[in-house]
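In: My questions are about this predicted structure, shown below with the sequence.
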Amino acid sequence: MIIHIVMWTLKDFAEGKDKSENIHIMKEKLESLIDHVDVIRKLEVGLNFNARAAAYDIVLYSEFDSKEDLNAYQIHPEHRKVSEFIGKIDDKRAVVDYEK
């Protein structure tokens, strides 16, 4: 099993909306991927409540059966649409992929 974790810090204002609005839009878009990308085995999106400077705003946790499935997810057209939106609103990103 492959675990894919991504954390983002968002811009204070982007695409005509403030950070809070964009976080909720992003959460909905990410969660919708499970309905469109069949290689996703599990997907969770968490919104941060920690006020520390080192904290990120939002996190994606997802599971895949194989590295090939993770690769298929990353090039899937629905994932690319969501990634394009996130690229316009994110400020910083961290990613970890590991095998379990």
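Out: Cool, got the structure. On a predicted model such as this, the values are computed, not experimentally measured, just so you know.

In: Tell me where the model's unsure across the chain.
Out: The chain contains no residues with pLDDT under 70.

In: give the contact list for the residue nearest the centre of the chain.
Out: Centrality entry for the chain: nearest residue to the mean C-alpha point is residue 60, 4.4 Å, by Cα atoms, centre = their mean. By Cβ atoms under 8 Å, 6 or more residues apart in numbering, residue 60 lies in contact with 4-7, 30, 43-45. For every residue, glycine as well, the C-beta is placed using N, CA and C.

In: So it, which state does it fall into?
Out: Secondary structure state of residue 60, per DSSP: H, G, I helix; E, B strand; the rest coil, is strand.

In: Could you find the closest non-adjacent residue to it?
Out: residue 6 (4.6 Å; Cβ to Cβ, 6 or more residues apart in numbering).
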